[in-house]
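Undergrad: Requesting a structural model of the entry that follows:
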Amino acid sequence: MPQPSHQPLQGTRAPRGRRTRWTAALLALLTVVGYVVFVDWTGSHGLDCFVEANGTRLGLQQPQAANAATIGAVASSRDLPERALTIALATAMQESKLHNIKGGDRDSLGLFQQRPSQGWGTAQQIMDPVYSASEFFDELVKIPGYSRLPLTAAAQRVQHSGFPQAYAKHEADASMLAAALYGRAPSLSCRVPSGGSAGDPAAVRQRLAREFGAQVLERQGTTDGTPADVPGAAAPSTTPKDTDGPTVTVPGDAVADPTDEDATQHGWALAQWAVAHAPQLRIAEVAYRGRVWRAKESGSGWVKDPSRPGHSYGDVRITVEH
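TA: Here you go, the predicted model:
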């Protein structure tokens, strides 16, 4: 009598194999979808900071935004026109993609790929973004009428690049970023992680003074932006508020009228600088003129501050993790 076979029937193997393949494919699809959602919520694709203007969006990695904000602060400390910042940003975009890189062509270093052998300073100095930006502007302002020159011509006079026309392709992005960093178009926001170690308000003040100049912390009027020589106004003080616990309060408005866009440019420049440097300085919240950015909700960008009406304060309030 024939013995029963212990081999599985051929007719039952194919459906089981198809089910396995379908299951594997479904798991792969869910993995991809999950990753896309994760990237959308966390910015893990690397573009954590954004500037938007006139329907155009410029994405930056957070270190790029921080370096750009530092260049902007140095330009502001020297009272340079926005055009100077645009030229500097376009140059750094081409030379280093706004990364403070440790190497390049021959002995080139840093944001602007400056060379110690060409008199730009020591390697350690050039790797300091504040120093390298200052050196760039030192050379730029020596060029007669630089602000009226084509960007490529002005940048080339400083850089002496082998590819001077390459700077031109960055002009539009650099111009949009400069407008944001100078506070003329307050549109820079970053998505950063919140929580973790506590921040240090003293470190924030020190960084502000180093990049914008010590005068940035000096109070020239009252906290609502009213000049101190207005009858009834409080006497001026040049001492920043150091008793606010985890919050650093910096004078923002340049003049009394908060509805004047020029009055709030300086404040927005400070506020967006703080957002760009939030991870390094452990900044949890930045508030100015009725808008607030919070690290724990940074995916939402700048939102209305329900706790304070829009024109009730002219200070920029930077609160660190605590």
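
Undergrad: Which stretches in the stretch 1-150 of the chain count as helices?
TA: 10-42, 62-77, 82-96, 123-126, 129-140 (DSSP state H, counting those that start in this stretch).

Undergrad: Helix 82-96 and the last one, what's the angle between them?
TA: Meaning helix 129-140. Inter-element angle recorded for helix 129-140 and helix 82-96: 120 degrees (by axes from the mean of the first three to the mean of the last three CA atoms, to 10 degrees).

Undergrad: Could you list the buried residues of helix 129-140?
TA: For helix 129-140, a neighbour-count test (16 or more other CB atoms under 10 Å) marks 129, 130, 131, 132, 133, 134, 135, 136, 137, 140 as buried. For every residue, glycine as well, the C-beta is placed using N, CA and C.

Undergrad: Could I get the CA-only coordinates of it as PDB?
TA: Provided in PDB are the C-alpha atoms of helix 129-140 (Å, rounded to 0.1, in the frame of the first residue of the first chain):
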ATOM      1  CA  PRO A 129      32.500  83.000  12.600                       C
ATOM      2  CA  VAL A 130      32.500  86.400  14.300                       C
ATOM      3  CA  TYR A 131      36.100  87.000  13.400                       C
ATOM      4  CA  SER A 132      35.800  85.700   9.800                       C
ATOM      5  CA  ALA A 133      32.700  87.800   9.200                       C
ATOM      6  CA  SER A 134      34.400  90.900  10.600                       C
ATOM      7  CA  GLU A 135      37.400  90.300   8.300                       C
ATOM      8  CA  PHE A 136      35.200  89.900   5.300                       C
ATOM      9  CA  PHE A 137      33.400  93.200   6.100                       C
ATOM     10  CA  ASP A 138      36.700  95.000   6.700                       C
ATOM     11  CA  GLU A 139      37.700  94.200   3.200                       C
ATOM     12  CA  LEU A 140      34.300  94.900   1.700                       C
END
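
Undergrad: so what secondary structure elements neighbour it?
TA: If contacts are counted by 3 or more CB pairs under 8 Å, 6 or more residues apart in numbering; DSSP states H and E, helix 129-140 sits against helix 62-77, helix 82-96, helix 123-126, helix 151-159.
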